[in-house]
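Enquirer: 3D model of this:
(one chain, ligands or ions: 2)
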Amino acid sequence: MSIDLSRLQPLGWSNFFTTQIPLEQFDSIRPARVLRVERGCWFVDSGSEPFPATLAGRLHHLHADTHYVTVGDWVLLATDAPVIVERLDRRSLIERRQAGGIDAQPLAANIDLMLIVSGLDGEFNLHRIERYLVLAAQAEVLPLVLLTKADLADNPERTVEQARRRLPAGADVLAADALRDPLAERLSPWLERGTSLVVVGSSGVGKSTVTNNLAGQPLQETGTTRRDAKGRHTTTARSLVRLPGGACIIDVPGIREVGLVAEEGVDRQFSSIAELARGCRFVDCTHQSEPGCAVRAAVERGEVDPDAWAHYLKLLAEGRHNLAEHERRRRDRVFGKMVKATVAAKKRDHGR
Ligand SMILES: Nc1nc2c(ncn2[C@@H]2O[C@H](COP(=O)(O)OP(=O)(O)OP(=O)(O)O)[C@@H](O)[C@H]2O)c(=O)[nH]1
Ligand SMILES: [Zn+2]
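Expert: Ligands and ions are numbered 1, 2, ... in the order given. A predicted model of the protein is given here:
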């Protein structure tokens, strides 16, 4: 067995992964990409037909602690069985705070583009888009905002402009009717062969519609959709699917909570405010009432959008709080394990 690049590249394989494989192993390894994770089962693709695989025993505890192997990961399989023996280093990882919890939950690995979907109907919410922009900035993934339901909006261009002002350099916003517009054509500059994109957004904004539109057919894979109480189909599992144009797409089910797990992404998303903050008199300035605050001065001069500033403060506080809480929990867990190990060792000694 050897690496067949022509089969792997359409799945997103690149030099980044090739360089992780020792030369002498080149002829014996079986790389595959994780398409979907179900309880105890990883659906993988090594370039032909997807198939289910299990996780090697020694990776189980890692996985239980950190979701070690997630959708979009590249893994190495045993040569003689569909067993994942290794996970390759990730090029990027999109994660959020677990709903109702504090730990980071990975949403997708090895992603190039985050397609942030939001509807131009009554649900339009710039702050929500901004949260996703922070997730993208945290993972260092390029964002693209797609505003669906343009057919239901009075003045989509005005909203596009409003969103554009909050985007980082290099990112863009498009408005579309996801049911009827030729999205593969409109998004083609972003969808090169081998590109991996993740589609995120609240429930009902049109993520599945966008995905089906790009695929040119309904992708109703069994096990990934269910009917909710109102009889609508909603996506319930993340899964990676290949698009006809050669890109790979992961549709993430509607997320109710987009909790942040770190603060770097906030500073990256609001880089001009973060830059100003370096000019504050106090290094730990909270930009609220301290004298010599450069950010507040810029807001007063009308150079910074007060709404962006307020949202920056809120997200920064949340990112910091969650990070601190996460660290505390992690330390408690490590301490707990140490105590257990010590007690067990004592019992063994007494039993002798
Ligand atoms: N008129 C119009 N309707 C749309 C558009 N995009 C999506 N819809 C409709 O909005 C509803 C929700 O779309 P979905 O694609 O299921 O939304 P989703 O984001 O995948 O929702 P979850 O699976 O719950 O996360 C469906 O009835 C779509 O037909 C659009 O651009 N215009
Ligand atoms: Zn300040």
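Enquirer: look up the closest residue to Q138, ignoring the ones flanking it.
Expert: Closest residue to Q138 in three dimensions, ignoring its sequence neighbours and counting by Cβ to Cβ, 6 or more residues apart in numbering: G265, at 2.8 Å. Yep, even glycine has a C-beta here, placed from its N, CA and C like the rest.
Enquirer: no no, G201
Expert: G201 sits nearest to V117 (Cβ to Cβ, 6+ apart), 3.6 Å away.
Enquirer: how far off centre is the host helix or strand of that neighbour?
Expert: In this structure, V117 is located in strand 113-119 according to DSSP states H and E. A distance of 11 Å separates the centroid of the chain from that of strand 113-119, by Cα atoms, centre = their mean, to the nearest Å.
Enquirer: sheet partners, orientation included, of it?
Expert: Strand 113-119 pairs in its sheet with strand 142-148 (parallel), strand 196-200 (parallel), by DSSP bridges.
Enquirer: so for the residue nearest to Q138, what pLDDT did the model give?
Expert: On the pLDDT scale, G265 is placed at 87.
Enquirer: now do the SS call for it.
Expert: Recorded secondary structure, G265: helix (DSSP: H, G, I helix; E, B strand; the rest coil).
Enquirer: check contacts around it.
Expert: Contact partners of G265, counting by Cβ atoms under 8 Å, 6 or more residues apart in numbering, are 134-139, 319.
Enquirer: swap in D251?
Expert: Counting by Cβ under 8 Å, 6+ apart, D251 makes contact with 199, 207-208, 211, 219, 235, 238-239, 241.
Enquirer: circling back: my guess is the residue nearest to G201 contacts S203. True?
Expert: No. In this structure V117 lies outside contact range of S203 using Cβ atoms under 8 Å: 10.8 Å.
Enquirer: get me the contact residues on the stretch 201-350 of the chain for ligand 2.
Expert: Contact residues (Cβ under 5 Å from the ion) of the stretch 201-350 of the chain with ligand 2: 280, 285, 287, 293, 295.
Enquirer: go with 6 Å
Expert: The stretch 201-350 of the chain comes close to ligand 2 at residues 277, 280, 285, 287, 290, 293-295, as judged by Cβ under 6 Å from the ion.
Enquirer: thinking again about what came up before, compare the contacts of D251 and tell me which has the most neighbours.
Expert: Most neighbours among the contacts of D251, by other Cβ atoms under 10 Å: K207, with 26 neighbours.
Enquirer: how much space between it and E38?
Expert: 20 Å (Cβ to Cβ, to the nearest Å).
Enquirer: which of the residues of the stretch 201-350 of the chain next to ligand 2 has the most neighbours?
Expert: V295 (27 neighbours).
Enquirer: tell me how many other residues surround the nearest residue to P291 once chain neighbours are set aside.
Expert: Leaving aside its chain neighbours, P291 sits nearest to R281 (6.4 Å; criterion: Cβ to Cβ, 6+ apart). Other residues near R281 come to 10 when the count uses other Cβ under 10 Å.
Enquirer: so R281 touches R296, yeah?
Expert: No. Using Cβ under 8 Å as the test, R281 is too far from R296 to be in contact (11.2 Å).
Enquirer: picking that back up, in strands only, show me the residues of the stretch 201-350 of the chain next to ligand 2.
Expert: Assigned to strands by DSSP state E, none of these qualify.
Enquirer: ok, which of the residues you listed also contact ligand 1?
Expert: Applying Cβ under 6 Å from any ligand atom to these, one finds that nothing falls near ligand 1.
Enquirer: one step back: show me the contacts for the residue nearest to G201.
Expert: 146-148, 199-201, 205-207, 210.
Enquirer: quick one: residues contacting the residue in the stretch 1-150 of the chain that ligand 2 sits nearest to.
Expert: Residue nearest to ligand 2 within the stretch 1-150 of the chain (Cβ to the ion): V134, separated by 19.7 Å. When contacts are counted by Cβ under 8 Å, 6+ apart, V134 touches 260, 265-266, 268-269, 315, 319.
Enquirer: ok, R131 next?
Expert: Neighbour list for R131: 258, 260, 315 [criterion: Cβ under 8 Å, 6+ apart].
Enquirer: go again with 10 Å.
Expert: Shown in contact with R131 (Cβ atoms under 10 Å, 6 or more residues apart in numbering): 96, 116, 125, 200, 255, 257-260, 265-266, 269, 311, 315, 318.
Enquirer: before we move on, what about A78?
Expert: 29-30, 53-54, 56, 84-86.
Enquirer: mind running it again at 7 Å?
Expert: Going by Cβ atoms under 7 Å, 6 or more residues apart in numbering, A78 touches V85.
Enquirer: all set now, cheers.
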